[in-house]
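Trainee: I would like the atomic coordinates for the input below:
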Amino acid sequence: MTIVVPDASVILKWALQRPDEADSALALALLEAFVREKIEIRIPSLWRYEVGNILARKQPATAVEAMEALLGCEFPEEPLHHDYCLAVLRFMHDLKHVSFYDVSYHVLAQRVNGLYITADREYVRIARSKGSIILLSEWSPPVPPGR
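Mentor: Have a look, this model is predicted:
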């Protein structure tokens, strides 16, 4: 089964559910694939801080409910233990103008032989050569058997 590591840009599309936002339908299809057990999702534990911060700042009236729904999904999380944290910093050494946050998702995807999915075009432009990454707009939902 494919392991997917969605970042905050994708997770926020699940929480905010704005049909007019770019790739919102694809983000929801990714979540549906997880719910239907067609893919596995793994995320770094720091997602809570990143997503919580954005929800609280941009959607304060609905932040608690949105975060509660996301936490209810109980995504498998990877804590930033010693080796993982250092791997993120080593990965960043070769790239310019990237954040620890973004790289933590990318490194996790590589550690679990998965695919990092993001809506962040600039990060993909900078880091595509490192592999294991795709833009949300380039992702296709799994095809059901028999099609």
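Trainee: state the mean pLDDT of stretch 87-97.
Mentor: Averaged across stretch 87-97, the pLDDT comes to 93.
Trainee: burial measure for the residue nearest to Ala56 when sequence neighbours are not counted, as a count.
Mentor: Spatial nearest neighbour of Ala56, chain neighbours left out: Ala63 (4.8 Å); criterion: Cβ to Cβ, 6 or more residues apart in numbering. Every C-beta, even on glycine, is put in place using the N, C-alpha and C of the backbone. Close neighbours of Ala63, defined as other Cβ atoms under 10 Å, add up to 18.
Trainee: does Ala63 touch Val51 like I think?
Mentor: No - the pair Ala63 and Val51 does not pass the contact test of Cβ atoms under 8 Å, sitting 9.7 Å apart.
Trainee: residues contacting Thr62?
Mentor: By Cβ atoms under 8 Å, 6 or more residues apart in numbering, Thr62 lies in contact with Leu55.
Trainee: report pLDDT for it.
Mentor: The model reports Thr62 with a pLDDT of 94.
Trainee: how close does it sit to Tyr49?
Mentor: 18 Å (Cβ to Cβ, to the nearest Å).
Trainee: do Leu89 as well
Mentor: 18 Å.
Trainee: show the pLDDT at Arg18.
Mentor: 79.
Trainee: skipping adjacent residues, who's closest to it in space?
Mentor: Leaving out its chain neighbours, the residue that sits closest to Arg18 by Cβ to Cβ, 6+ apart is Ser24, at 5.8 Å.
Trainee: distance of the one you found relative to Ala15?
Mentor: Noted for Ser24: a distance of 11 Å to Ala15, by Cβ to Cβ.
Trainee: please identify which of these two sits among more neighbours.
Mentor: Ala15 (21 against 17).
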